[in-house]
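Colleague: Dropping the sequence and predicted coords here.
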Amino acid sequence: MHPAPSVILFSTLSGLGFGFLAFLGWGVLQPSGWAAFFLWALGYVLAVGGLLASTFHLGNPKNALKAFTQWRTSWLSREAWASVATLVLLAPVALSDIFGLGLLPVVGQVGGMLALLTVFTTAMIYTQIKAVPRWHHWLTPVMFLSFAVAGGATLAGHVWAPILLLVVGAVLWALWRVGDGAFAKAGQTMGTATGLDRLGVPSVLDPAHTAGNYLKREMIFVVGRKHAAKLRKIALALASVAPALVLLLPLGVWGIALAAALHLAGALAARWLFFAEAEHVVGLYYGARR
Amino acid sequence: MTALPNATAKKLGLVIDLDTCVGCQACVTACKGWNDAGIGLSDQDPYGADPSGTFLNRVHSYQVAVPDGPAQVVTFPRSCLHCDNAPCVTVCPTGASYKRAEDGIVLVNEDACIGCGLCAWACPYGAREMDADQGVMKKCTLCVDRIYNDNLLEEDREPACVRTCPTNARHFGDLADPESKVSQLVAERGGYDLMPDMGTKPTNKYLPPRQKGPGTADPLTPLLDIKATGIAGWLDRMLGKF
């Protein structure tokens, strides 16, 4: 699948943002005054900035409001509702923190859960797609949620953050292991795609079209896969191991900033791989895989 | 609404005969021609160095290695299969993508489409292409503006690809009716679904190429069996000893 920068930025930043908002909502930090303002602003900027980045992926964004209508069937629509509900519900919690209004903590707790639910809906947009076997696995939402929780814990300076970062690494590793065999396991070949397997073994004789098209650009992305093994190591080191080690050093708030920056860079690399390595079964018609 | 209908009264669709299709691309051209009228299917740089465009139908060609015979060439038209369990419909966040309860046709309401591309991702068959100029999703409409169009002659009230096919490799009809011509073709010829394990329950069916049987021998082959006589025969026997 084409690793569009807008979608990579969207899912990474909003995931980190909603993860951090969850920790703020749960009252892990209990900030007040200006400190509360800046922390909540960071969470909101990451979450909303990510959502805005996703609109650059749309061909016709003027209809964006209609995306709230199909929550009964569409995970993308559910994500729209969950994200707005989270942002609206946590707003009074942020104001309460900043101005010391003493809002009941239950509001923040529900808001925090909604933030994680938002990340889950994002993950399900990809997980639901059977035509991309690498994504169609329960580890996909686990991966998205582990990034959100670990990223949020890192930004919140939570004592569990190093452990959670290592969990991210383990989940990434598991997802790659399962994902590498997912396409073969799904059992689709050029033979089943064309039905010509009942005749013999097909191969492409002549391409359907010599120029590119939307399908080839969007779903049959092969550039850069040769660097995948190296990128996996980089992603694992930056997203998981390095920030976990940095957090163990006595660097205070600078340690948190450095760990978060490293983690974000690793998350971007991992998310690029999530798209670039994902193969769509439509590639079978074009001989992208036999 | 992007919920799928529980059942459709009719299942209008295509039956494509891979035995008679010759890969002439006439269906591709006719489809583009009919659907290009009005809002259209845009092309980018059509006469330039890097042409690209939106098509609702593409014809591939494959070579099939047959176990007990010569390889076969199969030309393979690919377009929307108007699936009963269409994954492209349920993923749509705006309700732009829908399946009609009355005849089972899967359509896009372009006025509601945000161009997110998720429906194209959900389709295993590559049936949907985003129009790069208009930013909305395009797909086969089964020529819904022809098949019910009273302004056309009756023989023209079928999809443009079917109407134009010079070898009658494309058939249009109601696959829910077991008595229909298309249903009988499917029954007679063993029409099949593409990637049935994806659970999409396609309406369109493909008729497999007929078995060609073992390859006939090369016309020169009998000459290899000529028994040499005379001096040539003596030479043949002598040389055969070494």
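Modeller: Okay, I see it.

Colleague: Helices of the chain, residue ranges please.
Modeller: If you meant another chain, say so; for now it's chain A. Assigned by DSSP state H, chain A shows helices spanning A:5-25, A:33-55, A:75-99, A:105-127, A:139-155, A:161-180, A:182-186, A:190-194, A:214-219, A:228-236, A:242-248, A:252-276.

Colleague: other chain: chain B
Modeller: Going by DSSP H, chain B shows helices at B:26-36, B:87-90, B:118-122, B:144-147, B:160-164, B:181-189, B:230-241.

Colleague: So B:K201 sits against B:H82, correct?
Modeller: No. Taking contacts as CB atoms under 8 Å, B:K201 lies outside contact range of B:H82: 10.1 Å. For the C-beta atoms, the positions are set from N, CA and C on the backbone; glycine is no exception.

Colleague: neighbours around A:W272, how many?
Modeller: Burial of A:W272 is recorded as 18 neighbouring residues (other CB atoms under 10 Å in any protein chain shown).

Colleague: Nearest residue to A:L196 in space, please, no chain neighbours.
Modeller: With sequence-adjacent residues excluded and distances taken as CB to CB, 6 or more residues apart in numbering or on different chains, A:L196 is closest to A:P202, at 4.3 Å.

Colleague: hey, what's that neighbour bridged with?
Modeller: Beta-bridge pairing of A:P202 under DSSP bridges involves B:V64.

Colleague: Count the residues that sit near residue 210.
Modeller: Unless you meant another one, I'm taking chain A. Residue neighbour count, defined by other CB under 10 Å, stands at 7 for A:T210.

Colleague: look at chain B instead
Modeller: 12.

Colleague: any idea how far the closest residue to it other than its chain neighbours lies from B:G191?
Modeller: Of all residues not flanking B:R210 in the chain, B:D19 sits nearest, at 4.9 Å (CB to CB, 6+ apart). Note on B:D19: its distance to B:G191, by CB to CB, to the nearest Å, is 11 Å.

Colleague: now swap in B:T29 and tell me
Modeller: 25 Å.

Colleague: what's the answer for B:P51, then?
Modeller: Separation of B:P51 from B:G191 (CB to CB): 35 Å.

Colleague: my guess is A:A208 contacts B:Y62, does it?
Modeller: No. A:A208 is beyond contact range of B:Y62, at 10.2 Å (criterion: CB under 8 Å).

Colleague: Tell me, how many residues neighbour the residue of chain B found nearest chain A?
Modeller: Nearest residue of chain B to chain A (CB to the nearest CB) works out as B:G115 at 2.3 Å. Neighbourhood size, B:G115 [other CB under 10 Å]: 21.

Colleague: A:E277: what's its closest spatial neighbour, skipping adjacent residues?
Modeller: Leaving out its chain neighbours, the residue that sits closest to A:E277 by CB to CB, 6+ apart is A:A228, at 5.9 Å.

Colleague: for B:V91, what are its contacts?
Modeller: A:73-76, A:125, A:128-129, B:2, B:97, B:118-119, B:121-122 (CB atoms under 8 Å, 6 or more residues apart in numbering or on different chains).

Colleague: sorry, back to before: for the residue nearest to A:E277, give me its contacts.
Modeller: With CB under 8 Å, 6+ apart, A:A228 has these contacts: A:L273, A:A276, A:E277.

Colleague: now A:Y286
Modeller: A:V204, A:P207, A:A208, A:L215, A:K216, A:I220, B:H60.

Colleague: hmm, back to that, could you pull up the residues touching the closest residue to the residue of chain B closest to chain A other than its chain neighbours?
Modeller: Counting by CB to CB, 6+ apart, A:G59 is the residue found nearest to B:G115 once chain neighbours are left out, at 2.3 Å. For A:G59, the contacting residues are B:C113, B:I114, B:G115, B:C116, B:G117, B:M130, B:D131, B:Q134, B:G135, B:V136, B:M137, by CB under 8 Å, 6+ apart.

Colleague: Dump the residues you listed to TSV, plus pLDDT.
Modeller: As requested, the contacts of A:G59 are arranged in TSV below (pLDDT from 0 to 100):
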residue	pLDDT
B:C113	95
B:I114	94
B:G115	93
B:C116	93
B:G117	94
B:M130	95
B:D131	95
B:Q134	93
B:G135	93
B:V136	95
B:M137	96
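
Colleague: For B:L224, state which of these is nearest.
Modeller: Checking the contacts of A:G59 against B:L224 by CB to CB gives B:M130 as the nearest, at 58.2 Å.

Colleague: Give me the neighbour count for that closest one.
Modeller: 24.

Colleague: per-residue confidence at the nearest residue to it once chain neighbours are set aside?
Modeller: Spatial nearest neighbour of B:M130, excluding adjacent residues (CB to CB, 6+ apart): A:Y214 at 5.0 Å. Note on A:Y214: pLDDT of 93.

Colleague: correct me, but A:Y214 touches B:G135?
Modeller: No. A:Y214 is beyond contact range of B:G135, at 11.7 Å (criterion: CB under 8 Å).

Colleague: So the two - more neighbours on which side?
Modeller: Neighbour count, other CB under 10 Å: between A:Y214 and B:G135, A:Y214 has more, with 22 against 18.

Colleague: can you pull the contacts of the more buried one?
Modeller: By CB under 8 Å, 6+ apart, A:Y214 lies in contact with B:T54, B:A120, B:E129, B:M130, B:A132.

Colleague: Which pair of those spans the longest distance?
Modeller: With distances taken as CB to CB, the most widely separated pair in these is B:A120 and B:A132, at 12.8 Å.

Colleague: Those two: which is more packed in?
Modeller: B:A120 (24 against 16).

Colleague: show me where pLDDT drops low in the stretch 151-290 of chain A?
Modeller: In the predicted model of the stretch 151-290 of chain A, residues A:223-224, A:290 satisfy pLDDT under 70.

Colleague: which parts of it sit against chain B?
Modeller: A:186-188, A:190, A:192-196, A:198-209, A:211-215, A:218-219, A:280-282, A:285-286 (CB under 8 Å from any CB of the partner chain).

Colleague: Can you turn the buried part of the residues you listed into a ChimeraX selection?
Modeller: Here is the ChimeraX command that selects the buried residues among those (16 or more other CB atoms under 10 Å in any protein chain shown):
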select /A:186,188,190,192,193,194,195,196,199,200,201,202,204,205,208,209,213,214,215,218,219,280,281,282,285,286
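
Colleague: Around B:N168, count how many other residues there are.
Modeller: Around B:N168 there are 10 residues (other CB under 10 Å).

Colleague: So whichever residue of chain A sits closest to chain B versus B:G135, what's the distance?
Modeller: Closest residue of chain A to chain B, CB to the nearest CB: A:G59 (2.3 Å). Distance, A:G59 to B:G135, using CB to CB: 3 Å.

Colleague: And A:P250, by the same measure?
Modeller: In this view, A:P250 and B:G135 are 52 Å apart by CB to CB.

Colleague: circling back: for B:V73, see how far away the residue nearest to A:L196 is.
Modeller: Taken as CB to CB, the span from A:P202 to B:V73 is 10 Å.

Colleague: Could you do A:A41 as well?
Modeller: 64 Å.

Colleague: same question, B:L4
Modeller: From B:L4 to B:V73 the distance is 37 Å (CB to CB).
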